[in-house]
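Chemist: Quick one, what's the 3D model for this:
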Amino acid sequence: MSTKLAKFDLQQGFNRETTQYSEEGKWYDGNRVRFRAGKPENMRGYTTKVSTAFDGSARDLIAWKGVDNKKRSIFATPDKVYVHDQDRLTDITPVTTIVTITSCFGTSVGSTRVCCSDGSHNRAVGDYVLFTSAATTIGSNILLNNNVYGITSIIDSNSYTISVTNTAAATSSTSGGASFNYYIATGTSVATQGVGYGAAPYNAASPTSVGLSKITATGGSALVTVSCASAHGAAANDFVVFQNTSADSVAATIGGNLNLTKSVAGGPEFTVVSVASTQIIVSAAVNASASGDVTTSDIKMTALIYTQTDGGGTGRPWDTAASSDTTNLALDIAQWSMDNWGTDIVLNRRGSNIFYFNTAASISPTRATSVTTSPVSVLSVIVSPNDRHLVALGTNQYDVAATVSGTFNPMLVRWSDQDDRTNWVPSVSSTSGEVVLTDGTKIVGSQRSKNAINIWTDNALWLMSYAGPPFTFKFQQAGTNCGLAGPHAAIDYNGVTYWMGFDNFYAFTGQVEVLDCTVRRYIFDRLNTTYYDKVYTGINTEFKEIIWLYVSTNGTECDSYVIFSPEEKYWVYGNTFFTTFKDREVYGNTITTGATTTGNYIYNNEPTGIFTGDGSTLTSFVESGDFDVDDGNAVMFMNRIIPDFDLTSGKKIKLSVETKEYPESTSVVTKEFDIYDTTQKVDFRARGRQAKVRVSCGGELGNDASWRWGTIRLALQGDGGR
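Modeler: Residues are numbered from 1 along each chain as shown. As a prediction, the model looks like this:
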């Protein structure tokens with residue numbers, strides 16, 4: 001039988017909704033590859049934008065040019081908020097509390113530990129404090145003035161410790177004084193499961209019941225101080241469930257909006273963030289709307305403390321609920337939302353009030369400051385287009401007696417007066433107002449599109465559009481069973497909104513449409529559903545792409561991406577370490593933030609001519625589905641490949657051919673061939689009923705080539721039926 005050249009012009013994008021054998025004539029797998037005009041090519045690389053690392057993993061990122069034409073970006077982490085300006089990062093984290101204290105520091109000679117005394121500080125390990133007006137040197141050689149420190153341990157409700165860089169030259173106690181500027185309480189990056197069967201890991205020890213003497217909440221803080229009647233034995237990261245002690249107990253709340261128990265036994269679960277001998281500080285899902293406490297005479301409950309173990313002990317069985325309340329409440333990670341207010345920025349840490357950053361305040365940017373008249377508990381914010389109202393999504397209802405701290409409603413949309421971010425009181429002279437949405441349990445996120453705001457609950461899509469007096473806005477439900485996976489899981493591209501749901505990708509074109517995704521099963525099977533909240537969506541207009549960053553199975557930070565091309569209708573995916581993504585309109589290339597083991601940085605992504613990752617080799621590959629001859633009835637004999645490609649001069653890529661006898665047989669790698677820009681053909685010998693090809697670059701090759709693959713031609717002939 002004569003040999004013939006067979007042309008394999010494979011369908012663009014990755015296709016793996018079925019088996020690799022079923023995806024004949026298509027590309028099946030790859031990493032760091034995109035398609036242009038139907039042909040695969042490797043993506044460009046990235047460079048560190050600023051050499052300074054920052055604290056925490058970024059949750060939101062925006063970029064803009066001011067009236068001075070300066071390029072700026074701002075991003076926020078569970079720890080801090082940063083502005084990037086003129087190739088430097090500046091900490092602009094809001095300060096929520098300032099107290100001035102004298103005779104408050106203690107040191108031990110030879111130690112870097114400094115004890116700080118502040119009565120009823122209500123802080124936790126990992127929170128930050130900035131010391132100002134600290135002119136006195138303590139321990140003979142330690143000056144704290146104008147420095148920011150993380151709290152390293154809690155001694156008790158009146159004192160904690162920080163760590164400094166130099167060791168104290170002398171022991172001192174009750175020395176020095178300063179203004180303690182407390183940053184907004186640090187949030188968590190690690191999600192904790194809710195109550196009921198998901199309340200704690202299955203190896204969680206059986207709970208210990210502890211009597212209570214007082215529970216205290218502070219307005220604007222998610223931290224709750226629990227004073228116990230005796231030693232509790234808890235540690236950080238343990239879990240607490242408040243248990244009613246009598247049948248006539250009612251639902252217990254504190255701080256105006258924090259539910260401790262329900263009218264039946266059991267209640268939400270709280271994570272322990274720090275402890276003292278008879279005191280526990282726990283974290284709620286949202287900030288308290290007001291300060292308040294529950295004292296001994298009113299407490300009709302005990303604390304059930306679930307101590308986490310490493311297994312091997314008396315763990316909770318898999319089918320035993322951690323509490324009698326099986327409602328699977330999730331305790332959220334720290335999340336941020338930000339938007340432009342002209343050339344300035346409004347921002348919100350989920351569960352807090354709203355903050356404002358004035359970009360023109362000084363050469364050295366001032367901190368973001370609290371909008372004190374805004375609601376005290378807000379899930380996210382957005383600015384309405386054209387009419388410019390500041391919109392709070394999931395927030396406190398207006399109350400004449402408590403304008404900023406009314407009842408919290410996670411389905412409430414509330415907006416400020418037009419062009420006035422400080423006025424949230426409805427009146428005849430104000431366009432402020434509020435509306436409660438339906439179809440869902442909470443508002444998840446929002447996105448501007450076509451002079452309207454798309455608002456998603458966890459189950460539905462709503463449209464919010466400007467209507468003018470007297471109602472200001474009108475609301476229309478656009479879809480149901482199409483909830484948003486996370487606060488940043490949606491983006492607008494040329495007037496069409498695209499988003500990731502809980503098990504599908506969607507588009508709103510005037511009606512909700514489910515996108516035809518050729519990798520849907522692969523993405524959602526490996527997506528870590530505990531971290532839907534970390535899904536982040538961006539646009540790369542240079543290549544006309546929408547990208548979703550997500551956390552894969554067993555991960556805790558974004559480590560994967562999936563890309564959709566709205567114009568060419570293909571999907572690709574791969575690995576990454578980026579947590580946010582912003583388009584190129586400001587900096588000329590996309591910018592990102594990334595979380596790595598060596599530190600967290602802001603990056604220039606895909607700058608022109610760069611194909612390395614900060615100078616290191618990047619691996620890329622694309623692999624076909626299986627193909628055969630005569631539907632697999634005949635064994636193929638292959639003896640030549642004629643490649644069609646573009647490649648950086650002097651560089652190389654790898655081409656491999658794998659053959660199989662049957663779909664479930666073990667593959668045989670015939671050979672890996674080095675392909676240079678001068679390679680015309682490759683001669684080899686291989687047999688099999690089916691085969692696939694793979695093109696790769698990087699890794700052990702140690703090069704930074706730019707490559708683009710065209711059409712594959714193989715010299716094939718039938719070689720019998722056995």
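Chemist: Can you list the residue ranges for helices in this structure?
Modeler: 520-526 (DSSP state H).
Chemist: which residue sits closest to the residue nearest the centre of it in space, ignoring its chain neighbours?
Modeler: Closest to where the C-alpha atoms of the chain average out (C-alpha atoms, centre = their mean) is Lys534, at 2.6 Å. Of all residues not flanking Lys534 in the chain, Val551 sits nearest, at 5.3 Å (C-beta to C-beta, 6 or more residues apart in numbering). For glycine as for every other residue, the C-beta is placed from the backbone atoms N, C-alpha and C.
Chemist: Ser560 is in contact with that neighbour, correct?
Modeler: Yes: the criterion here is C-beta atoms under 8 Å, and Val551 meets it with Ser560 at 7.4 Å.
Chemist: Which positions in stretch 291-304 come out as buried?
Modeler: Ser291, Gly292, Val294, Ile299, Lys300, Met301, Thr302, Ala303, Leu304 (16 or more other C-beta atoms under 10 Å).
Chemist: For the third one, give its distance to Ala401.
Modeler: What it means is Val294. 21 Å (C-beta to C-beta, to the nearest Å).
Chemist: so who does the residue nearest to the centre of the chain touch?
Modeler: Arg59, Ile333, Gly486, Leu549, Tyr550, Val551, Glu557, Cys558, Thr579 (C-beta atoms under 8 Å, 6 or more residues apart in numbering).
Chemist: Among those, show me the least confident.
Modeler: Taking those together, the minimum pLDDT is found at Ile333 (87).
Chemist: List the residues that contact that one.
Modeler: Counted by C-beta under 8 Å, 6+ apart, Ile333 has contacts Pro78, Gly187, Thr188, Ser189, Val190, Ala191, Tyr531, Asp533, Lys534.
Chemist: thinking again about what came up before, buried ones among the contacts of Lys534?
Modeler: Buried among these by 16+ other C-beta under 10 Å: Arg59, Ile333, Gly486, Leu549, Tyr550, Val551, Glu557, Cys558, Thr579.
Chemist: So which of those is the closest to Trp571?
Modeler: Tyr550 (13.7 Å; C-beta to C-beta).
Chemist: Show me where the stretch 151-300 of the chain has its strands.
Modeler: Assigned by DSSP state E, counting those that start in this stretch, the stretch 151-300 of the chain shows strands spanning 159-163, 172-183, 208-210, 212-217, 223-228, 239-244, 253-254, 258-259, 269-276, 279-283, 292-295.
Chemist: So what angle separates the directions of the fourth one and strand 223-228?
Modeler: Which is strand 212-217. Counting by axes from the mean of the first three to the mean of the last three C-alpha atoms, to 10 degrees, strand 212-217 points 170 degrees away from the direction of strand 223-228.
Chemist: Could you please name the strands strand 212-217 pairs with and the direction of each pair?
Modeler: strand 223-228 (antiparallel), strand 292-295 (antiparallel) (DSSP bridges).
Chemist: Dump those into CSV; add mean pLDDT as well.
Modeler: As requested, the strands paired with strand 212-217 are arranged in CSV below (pLDDT from 0 to 100):
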stretch, mean pLDDT
strand 223-228, 88
strand 292-295, 79
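Chemist: shouldn't Gln20 be in contact with Gly625?
Modeler: Yes: in this structure, Gln20 is within contact of Gly625 by C-beta under 8 Å, at 5.4 Å.
Chemist: Provide a list of residues in contact with the residue nearest to Lys534.
Modeler: Leu527, Asn528, Thr530, Tyr531, Lys534, Val535, Glu557, Cys558, Asp559, Ser560.
Chemist: Check what contacts stretch 694-707 and list those residues.
Modeler: Residues contacting stretch 694-707 (C-beta under 8 Å, 6+ apart): 40-42, 44-45, 611-612, 617-624, 645-648, 651-658, 709.
Chemist: want to throw the strands paired with strand 212-217 into CSV with distance to Asn589?
Modeler: Listed next are the strands paired with strand 212-217 as CSV, based on distance: least, C-beta to C-beta, whole Å:
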stretch, distance to Asn589
strand 223-228, 40
strand 292-295, 50
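Chemist: wait, which of those is closest to Gly510?
Modeler: Nearest of the strands paired with strand 212-217 to Gly510, taken as C-beta to C-beta: strand 223-228 at 45.3 Å.
Chemist: hmm, who's touching the closest one?
Modeler: Contacts of strand 223-228 with the rest of the structure, by C-beta under 8 Å, 6+ apart, involve 122-124, 157, 185, 210-217, 240, 254-255, 258, 270, 273, 278-284, 288, 303.
Chemist: Relative to Gln86, how far out is the closest residue to Val586 other than its chain neighbours?
Modeler: The spatial neighbour of Val586 that comes closest, neighbours along the chain excluded (C-beta to C-beta, 6+ apart), is Ala63 at 4.2 Å. Separation of Ala63 from Gln86 (C-beta to C-beta): 14 Å.
Chemist: Looking at the two, which is more packed in?
Modeler: Legend: neighbour count by other C-beta atoms under 10 Å for Ala63 and Gln86, higher for Ala63 (19 against 9).
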